[in-house]
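Peer 1: no FASTA, just this:
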C-alpha cells in the first residue's frame, strides 16, 4: 500500500508542470469590484457603468495593454453590496486588442441594474480573492480594484480582509467616490479618501485615485486602469485626484 501511495504521489508531482502549463499567461489578472449598494442611485449607477465602458473602448487603455510584455490581461467584473451579496457578473475574460476590449465593454452595457442594501468592502475583497486561479489565467500581477462611495458597514473589518489578500501577494487599489448627496436621509460620507487609504488599499505599489463626484468617475477609472495595466511607478503619495475630464 505504501509503495502504491508513493507511486501515486510521484505521478501527481510529475503532472504539476503540465497543469501549470495549461494556464494562459497574462500581464495582469484584474478584478473590477463595483459597489451597487443603495446609496448609489440610478443616475450614479449609469455614470459608473459609462465610465467603465468608455475606459475599455479608449485607445489609451488598448495601448497600455499592448505595451505589456505579454500584451494581454484577464479581467472579471464583480458587483457587491452586503457581506452576503457579491456576484461575478462577467467571468474572467482575456483582453488583448480593441476588439476584445469592445466586446467586454458591450457585456458591461448589457448588465441589468441591481441595487442591494449595506456596504461590505471586506466581503467584496474576500470574494475577489477567491476568484484568482479560477479563470485559466496566470498573471504576472494580481490586482483587485475596489470602487465605491461608502465605508465598510457590514461584515468583518475591511482592513482585515485587505491584510489577508496582501498576504497572498494580491494588490488592492481603490477608487473612492466622494459623493456629496445625502444617503437615505443621512449626511454624505465624510473623509472617504482617508478611510480608503488606511483601510482598503494595500500591497506593493498600491494606490487610489479619487473621483470627486460621480461625474468625475469616468476620468478617474480611465487614469486608474492605464496606471494598473502599465504598472506605472507609484509616486511618493499613493493618493491622487482624477484628472479633469
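Peer 2: Everything's here; your move. What you see is a predicted model, and the numbers here were worked out from it, not measured in a lab.

Peer 1: If we ignore the residues flanking it in sequence, what's nearest residue 151?
Peer 2: The shortest distance from residue 151 to any residue other than its chain neighbours is 4.8 Å, reached at residue 195 (C-beta to C-beta, 6 or more residues apart in numbering). C-betas here are computed from N, CA, C, even on glycine.

Peer 1: how near is that neighbour to residue 30?
Peer 2: For residue 195, the distance to residue 30 equals 23 Å [C-beta to C-beta, to the nearest Å].

Peer 1: Looking at those two, which is more packed in?
Peer 2: Each of residue 195 and residue 30 has its neighbours counted (other C-beta atoms under 10 Å); residue 30 has more, 25 against 19.

Peer 1: How about the secondary structure of the more buried one?
Peer 2: Classification of residue 30 by DSSP: H, G, I helix; E, B strand; the rest coil places it in strand.

Peer 1: For it, which residues are in contact?
Peer 2: Contacts of residue 30 were listed using C-beta atoms under 8 Å, 6 or more residues apart in numbering, and they are 73-76, 143-145, 228-229.

Peer 1: Same question for residue 57.
Peer 2: Contact analysis of residue 57 by C-beta under 8 Å, 6+ apart lists 98, 101-102, 105.

Peer 1: what's the pLDDT at it?
Peer 2: We have a pLDDT of 95 for residue 57.

Peer 1: Please apply the same query to residue 38.
Peer 2: pLDDT, residue 38: 86.

Peer 1: Give me the neighbour count for it.
Peer 2: Residue 38: 13 neighbours (other C-beta under 10 Å).

Peer 1: cool, and residue 136?
Peer 2: By other C-beta under 10 Å, neighbour count at residue 136 equals 11.

Peer 1: in the protein, which ranges drop under the pLDDT threshold?
Peer 2: 1-21, 179-189, 232-245 (pLDDT under 70).

Peer 1: Repeat the analysis, applying 90 as the threshold.
Peer 2: 1-22, 38-48, 113-115, 149, 177-191, 210-218, 230-245 (pLDDT under 90).

Peer 1: just to revisit the earlier point, and of the contacts of residue 30, the nearest to residue 217?
Peer 2: The shortest approach to residue 217 among the contacts of residue 30 belongs to residue 145, at 12.8 Å (C-beta to C-beta).

Peer 1: Confirm that closest one sits in a strand?
Peer 2: Yes: with the criterion set as three-state DSSP, the secondary structure at residue 145 is a strand.

Peer 1: can you pull up the bridge partners for it?
Peer 2: Beta bridges link residue 145 to residue 32, residue 173, judged by DSSP bridges.

Peer 1: Surely it touches residue 35?
Peer 2: No: in this structure residue 145 lies outside contact range of residue 35 using C-beta atoms under 8 Å: 11.6 Å.

Peer 1: which outside residues touch the helix or strand residue 89 falls within?
Peer 2: In this structure, residue 89 sits in strand 86-95 according to DSSP states H and E. Residues from elsewhere that reach strand 86-95 (C-beta under 8 Å, 6+ apart): 24, 26, 29, 33, 56, 65, 72-80, 100-101, 103-104, 107-108, 111, 114, 123-124, 127-128, 131, 134-137.
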